[in-house]
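Q: Okay, predicted coordinates and the sequence, questions at the end:
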Amino acid sequence: MKTGKHCGIVGALVMCAFGLLFMGCSSDGGNGGEDPTPTAADFVIGNLSQIKGSVTHITITPKQGKSGGAITRYYNGAAALPTANGAYAVTFNVAAASGWKAATGLTAGTFTIYNDLSTYLSGKSANTKDTPYYIALNIDDESDFATLITTLNNAADKYVYLDLSGSTITEIPEYAFNTGSPSLTGCATITKITIPNSVTSIGLNAFRSCTSLTSVTIPNSVTSIGNGAFRNCTSLTSVTIPNSITSINNGTFIDCTSLTSVTIPNSVTSIGNDAFRNCTSLTSVTFQGTIPLGGFNYMAFCYLVEDGYNSGDLHTKFYATDATNGTPGRYTTTAPVSDSSVWTRQP
């Protein structure tokens, strides 16, 4: 009797093992190995609020482990992307993919196109620097900046990430976000900005006193940056300077007190007066190339206004090995940085 019982158990296990291969037994809870069907909850929906003139498709991104099938969007039942201001009910279809069935008619919410930035911001609640509203704008004329400044000033409690990548402008004009006075600025609420690849120059004081700006990437199309372009951007912690830049002009990053590191590309042959003056958190400077002695202004990295414009020993250390062209490498010190800081060239 015992032997027969054991054989029965073993036989059942063998049959189940075969069943995993031939659907006799199932390890998926009894649904016979059937692929699941995607639901709207499987996806992250974004970009539902946009400004007229800069409209792009809403974003629909599968969550980790969910279907990666091709997505088709519909706005009020039409596949064409709307461009007129208004509200549009959005649904989407997901094509079948490996391990997943197809799904149709999933709800993505309401897509709203606002007539202008002012209307868009007026309908938004106050936010913080850590939760900026993403805004894509196409700027085609220098005069558009004046309107933008006024709009941002009138919404002083709405922080924004400004994406200008779709714009056709070739320059960020001087005082683009600043009227010429340190107290009159239209960029105090911009936390991040994307500069379009069409831009070749950034003008004098263009981003002066953008005090909430934490990072900026300057595209490789830019060949010149005006004096004081990022002056007093006190929240700026990092900046990417492209290889297209040959000169960092006077006061470009003056008073950027949160800037911790900067890389000077090998294309740069000169750094002007006060370029990084009073950048008291700047503890790491990397020179990718050499700079002629006359091109590295002694006051470029001075830190305190009252101390006679002395730049500590960074200038001396850079030329310690090559008195004519300087020595590439990464130079570091400790915070808080002052003119008495001792710089060390890293191996």
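A: Looks like it came in fine.
Q: in what helix or strand does Ala87 lie?
A: strand 86-94 (DSSP states H and E).
Q: Which strands or helices does the following helix or strand past that strand pack on?
A: Counting by DSSP H and E, the element after strand 86-94 in chain order, helix or strand, is strand 103-114. Using 3 or more CB pairs under 8 Å, 6 or more residues apart in numbering; DSSP states H and E, the elements in contact with strand 103-114 are strand 43-46, strand 49-51, strand 86-94. For the C-beta atoms, the positions are set from N, CA and C on the backbone; glycine is no exception.
Q: Indicate which one of these is closest to Thr214.
A: In terms of CB to CB, the element of these nearest to Thr214 is strand 43-46, at 20.8 Å.
Q: so what strands line up beside that closest one?
A: Each strand paired with strand 43-46, and its direction, by DSSP bridges: strand 59-62 (antiparallel).
Q: where does the stretch 151-300 of the chain dip in pLDDT?
A: Where the stretch 151-300 of the chain drops to pLDDT under 70, the residues are 179-186.
Q: need the contact list for Asn232.
A: Pro182, Arg208, Ser209, Thr211, Ile254, Asp255, Cys256 (CB atoms under 8 Å, 6 or more residues apart in numbering).
Q: hmm, which of those residues are the buried ones?
A: Buried members of these, scored by 16 or more other CB atoms under 10 Å, are Arg208, Ser209, Thr211, Ile254, Asp255, Cys256.
Q: Grab the nearest non-local neighbour of the residue nearest the centre of the chain.
A: In the chain, the residue lying closest to the centroid (CA atoms, centre = their mean) is Lys192, at 6.2 Å. Distances taken as CB to CB, 6 or more residues apart in numbering place Tyr161 nearest to Lys192, at 4.4 Å, with adjacent residues excluded.
Q: same thing with Ala84?
A: The spatially closest residue to Ala84, leaving aside those adjacent along the chain, is Ile113, at 6.7 Å (CB to CB, 6+ apart).
Q: OK, contacts around that neighbour?
A: So Ile113 contacts Gln50, Ile51, Lys52, Val55, Pro82, Thr83, Ala84, Asn85, Gly86, Ala87, Tyr88 (CB under 8 Å, 6+ apart).
Q: Just the buried subset of the residues you listed, please.
A: Buried members of the contacts of Ile113, counted by 16+ other CB under 10 Å: Gln50, Ile51, Lys52, Val55, Pro82, Asn85, Tyr88.
Q: do you know how far the nearest residue in space to Leu106 that is not next to it in sequence is from Tyr88?
A: In space, and not counting its chain neighbours, Leu106 is closest to Ala40: 4.4 Å by CB to CB, 6+ apart. Ala40 sits 16 Å away from Tyr88, going by CB to CB, to the nearest Å.
Q: Over to Ala103?
A: From Ala103 over to Tyr88 (counting by CB to CB), the distance is 20 Å.
Q: can you tell me which residues contact the closest residue to Ala320 other than its chain neighbours?
A: Excluding its sequence neighbours, the residue lying closest to Ala320 (CB to CB, 6+ apart) is Thr327, at 6.6 Å. Going by CB under 8 Å, 6+ apart, Thr327 touches Phe287, Thr290, Phe318, Tyr319, Ala320, Thr321, Arg345.
Q: Please list only the buried members of those residues.
A: Buried subset of the contacts of Thr327 (neighbour count, 16+ other CB under 10 Å): Phe287, Thr290, Phe318, Tyr319, Arg345.
Q: Of those, which belong to strands?
A: Of those, the ones assigned to strands by DSSP state E are Phe287, Arg345.
Q: right, and the pair among the buried ones among the contacts of Asn232 with maximum separation?
A: For those, the farthest-apart pair by CB to CB is Thr211 and Ile254; their separation is 13.7 Å.
Q: ok, Ser67 - contacts?
A: Residues near Ser67 by CB under 8 Å, 6+ apart: Pro38, Asp42, Val94, Ala97, Gly99, Trp100, Ala103.
Q: now do 6 Å
A: Pro38, Val94, Ala97, Trp100 (CB atoms under 6 Å, 6 or more residues apart in numbering).
Q: cool, and Asn250?
A: So Asn250 contacts Asn227, Gly272, Asn273, Asp274 (CB under 6 Å, 6+ apart).
Q: Most neighbours out of these, which is it?
A: Taking other CB atoms under 10 Å as the neighbour criterion, Asp274 ranks highest of the contacts of Asn250 with 24 neighbours.
Q: That one sits in which helix or strand?
A: Counting by DSSP H and E, Asp274 is found in no helix or strand.
Q: who does the strand holding Ala87 touch, helix- and strand-wise?
A: strand 71-75, strand 103-114 (3 or more CB pairs under 6 Å, 6 or more residues apart in numbering; DSSP states H and E).
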